[in-house]
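Student: Build me a structure from this.
(3 chains)
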Amino acid sequence: MPELPEVEVTRLGLAPLINGTVYNVEVRNFSLRWPVNPNLKKILSSQKLISLSRRGKYLLADFSNGYLIIHLGMSGRISIVSEKKLPIKHDHIDICFKVDGNKKILRYNDTRRFGAMIWTDDNPFNHKLICTLGPEPLSDEFNTDYLFDIVKRKTQPIKSTIMDSHTVVGVGNIYASESLFLASIRPQRQSQKIKKKEIRVLVGSIKIVIQKAIERGGSTLNDFYSVNGQSGYFQNEHKVYARENECCTNCNGKIYLLKIAQRSSFYCKKCQI
DNA sequence: TTTATAACCTGAACGC
DNA sequence: TGCGTTCAGGTTATAA
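Tutor: Next up is the predicted model:
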């Protein structure tokens, strides 16, 4: 489910909890990708949520006494619900806030439990999961010279390179396919054989695709919904992703499916070289 | 050092 | 209808 745009949409949706104070935490299942801190309830009790930021696909919840690092994995979802709403299957964690006298529950649901909720009282940017991440795709740091310097040393397919969070964060399977289509580059091309002028176009394409997806509220395929339960709309603009055997919107040719690093990759043989 | 693969877990979709 | 198989948006650890 969540790639960078979906995580950003989630972050923005959680804004009503800022300045709220935690009055209860209920962990129904501690077994996420990494075990949830068994003392989380004690740690967060009476703490104030100061701000919410994002680094790649990680949400960073800044509390008075430390940070909660949240990753949604493949099927994680966060919603704000009322106290009356009963938990359903896979609702693993509730963090209960009092905000301006009102009670609001941050509810974490994750069917496949590939997500994570990690407590740290250190600077989260020093955390081993965060400190090795590549630049944000929309930042100036992610530019032609930067990416070209990386790809010229890589023999792996370009799609694998741009999906590597150490190269650039937030480009998952959907947006990798879409960005490569926009840049007219086949996903299986060997990274080091791609010319600098193509890398320039690719960098621009990644920025465009990510920016547009954020503006559309992310992509809702099977299970992404924002905090308010709204679906995203960017899936309506997918040019190649999940469109095997359909017509290319550009040339009317056929969209092909190819497995790269065990992941489905979609491309047009005519438009992408 | 780089690249490929297995693993984590659940449920939907599909074929027989 | 029911069972078995395959596949899915992410990321890390391990093997090659």
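
Student: which residues does the residue of chain A found nearest DNA strand C contact?
Tutor: Nearest to DNA strand C, among the residues of chain A, is A:G172, at 1.9 Å (Cβ to the nearest atom of the strand). The way it works is simple: take the backbone N, C-alpha and C, and place the C-beta from them, glycine included. A:G172 sits next to A:3-4, A:57, A:163 when contact means Cβ atoms under 8 Å, 6 or more residues apart in numbering.

Student: possible to save the residues you listed as TSV with neighbour count, distance to DNA strand B and pLDDT?
Tutor: As requested, the contacts of A:G172 are exported to TSV (neighbours: other Cβ atoms under 10 Å; distance: Cβ to the nearest atom of the strand, whole Å; pLDDT from 0 to 100):
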residue	neighbour count	distance to DNA strand B	pLDDT
A:E3	25	16	78
A:L4	23	19	84
A:K57	24	15	92
A:M163	23	10	95
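
Student: Pipe those residues into a markdown table and attach distance to DNA strand C per row.
Tutor: A markdown table is the format used below for the contacts of A:G172 (distance: Cβ to the nearest atom of the strand, whole Å):
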| residue | distance to DNA strand C |
| --- | --- |
| A:E3 | 5 |
| A:L4 | 8 |
| A:K57 | 4 |
| A:M163 | 7 |
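
Student: and the residue in chain A that DNA strand B sits nearest to, what is it in contact with?
Tutor: Of all residues in chain A, A:R112 sits closest to DNA strand B, at 3.2 Å by Cβ to the nearest atom of the strand. Contacts for A:R112 (Cβ under 8 Å, 6+ apart) come out as A:73-75.

Student: Please report how far it lies from A:K193.
Tutor: 36 Å (Cβ to Cβ, to the nearest Å).

Student: In this structure A:N29 contacts A:K89, no?
Tutor: No - A:N29 is not in contact with A:K89 according to Cβ atoms under 8 Å; the separation is 10.5 Å.

Student: higher neighbour count, the two?
Tutor: Between A:N29 and A:K89, A:N29 has the larger neighbour count (other Cβ atoms under 10 Å), namely 13 against 7.

Student: which residue sits closest to that one in space, ignoring its chain neighbours?
Tutor: Leaving aside its sequence neighbours, A:N29 sits nearest to A:H92 (Cβ to Cβ, 6 or more residues apart in numbering; 4.2 Å).

Student: Just to be sure, that neighbour is in a strand?
Tutor: Yes - counting by DSSP: H, G, I helix; E, B strand; the rest coil, A:H92 is found in a strand.

Student: burial of it, as a residue count?
Tutor: 23.

Student: check contacts around it.
Tutor: A:27-29, A:32, A:108-110, A:113.

Student: what about it, distance to A:G20?
Tutor: In this view, A:H92 and A:G20 are 20 Å apart by Cβ to Cβ.

Student: Repeat that for A:N173.
Tutor: Counting by Cβ to Cβ - A:N173 and A:G20 are separated by 34 Å.

Student: Torsion angles phi and psi at the residue of chain A closest to DNA strand B?
Tutor: Per-residue torsions, A:R112: phi -90, psi -10 (degrees, to the nearest 10).
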